[in-house]
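In: okay, sequence plus prediction incoming.
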Amino acid sequence: MTEATLKAGVIGWPIDHSLSPHLHGFWLEHYKIDGEYLPFAVETENLKSFLKSLADQGRRGTNVTLPHKETTLSVVDQIDEQAKRVGAVNTVVVQKDGSLLGSNTDGFGFLENMHDQNPKWAAKRGPAIVLGAGGAARAILVALLEAGAPEIRLLNRTKERAEELAGELGGGIKVDDWAARSEVVSEAATLVNTTSLGMKGQPPLEIDLSRLPESATVTDIVYTPLETGLLKNAKKRGNPVVDGLGMLLHQARPGFQAWFGVEPEVTKDLRDHVLKVMES
Ligand code: ATR
């Protein structure tokens, strides 16, 4: 490392299991960049001072993960339109004047991953069914609205949470009962699971796909396992499927470009590298 080494990182609490250092590390090596990307365990009470000291630490910015994505919004000096609409920041870039710009690239990651894994997919093609109303759902809903999904149906176990979210995002989202999920899929051009169901150690997502049109693209934000029960069943029926690991990889691109000056690519080698880390 030299004075010229470009530095960034990721902050969260806990941070041990973050895959971000591995994927940024892969890109730094691949593009032969004199750079450093480290994980930092930062407690909420230290979040503000950590972010405000980024420039003094010689860092060009940082990714932000749980539980700091919402709090960071009020710490940075400026936020981009996406972060404002989603209500959360996942990428902070130190500007030339030392001020902090917060952005949210999760929706970008979602859309890029969909296009990457299914080039025929377009949000505009038809209604999207979104399961879950947590933080991940917010970013995906904003992305689908902006990409022109003609109709969005939102279903969540706790219906009030879905109604609140649909209200906040201002029209274009219709809320249905969680119990109706197997019926509602008959309308879908896109089906997205944003709940934690189907994740290793969590209960499975119980949904009957028999009414789902065969052309509908099915995606899951869960990527442990990479092929969730939902994706497995959808694939068996002949539906195009998009796994959730790509969203993580694509959301990292804008930050890497801002900090290290190269527009990185999501390749099979990168996916294999990250999958190997996940297995170890
Ligand atoms: P995040 O912010 O990362 O999306 P979250 O806020 O914990 O995480 O949201 C998890 C999502 O999974 C929520 O939509 C949650 O539904 P509730 O809002 O009703 O809690 C959903 N979820 C978790 N466990 C579930 C279960 N057993 N059945 C149905 N939905 C579940």
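Out: Looks like it came in fine. Numbers count the residues shown, from 1 in each chain.
In: for Phe260, give its distance to the ligand.
Out: Distance, Phe260 to the ligand, using CB to the nearest ligand atom, to the nearest Å: 27 Å. Where you see a C-beta, it was placed from the backbone N, CA and C, and this is true even at glycine.
In: and Ala122, by the same measure?
Out: Note on Ala122: its distance to the ligand, by CB to the nearest ligand atom, is 25 Å.
In: again, but for Met247
Out: From Met247 to the ligand the distance is 12 Å (CB to the nearest ligand atom).
In: tell me the gap between the helix or strand containing that residue and the middle of its chain.
Out: If you go by DSSP states H and E, Met247 is part of helix 245-251. Distance of helix 245-251 from the chain centroid (CA atoms, centre = their mean, to the nearest Å) equals 7 Å.
In: measure stretch 179-191 end to end?
Out: Using CA to CA, to the nearest Å, the end-to-end distance of stretch 179-191 comes to 16 Å.
In: got it, and stretch 258-277?
Out: 25 Å.
In: in it, what counts as buried?
Out: 258-260, 264, 266, 270-271, 273-274 (16 or more other CB atoms under 10 Å).
In: for it, the averaged confidence score.
Out: Predicted confidence along stretch 258-277 averages 98 (mean pLDDT).
In: what lies in contact with that stretch?
Out: Contact with stretch 258-277 is made by 6-8, 19, 22-23, 26-28, 30-31, 33, 35, 60-61, 91, 93, 112, 116, 226, 245-246, 248-250, 252-253, 256-257, as judged by CB atoms under 8 Å, 6 or more residues apart in numbering.
In: among these, name the buried ones.
Out: The buried subset of these (16+ other CB under 10 Å) comprises 6-8, 19, 22-23, 26-28, 33, 35, 60-61, 91, 93, 112, 245-246, 248-250, 252-253, 256.
In: so which of those are in strands?
Out: 6-8, 35, 61, 91, 93 (DSSP state E).
In: looking at these, which one is closest to the ligand?
Out: Nearest to the ligand among those is Thr91, at 16.9 Å by CB to the nearest ligand atom.
In: gap between that closest one and Pro119?
Out: Note on Thr91: its distance to Pro119, by CB to CB, to the nearest Å, is 26 Å.
In: equivalent analysis for His22, please.
Out: Distance from His22 to Pro119, by CB to CB: 27 Å.
In: show me where the stretch 1-150 of the chain has helices.
Out: Residue ranges of the helices in the stretch 1-150 of the chain, as given by DSSP state H, counting those that start in this stretch, are 20-30, 44-52, 69-73, 81-86, 106-117, 135-146.
In: cool, thanks, talk later.
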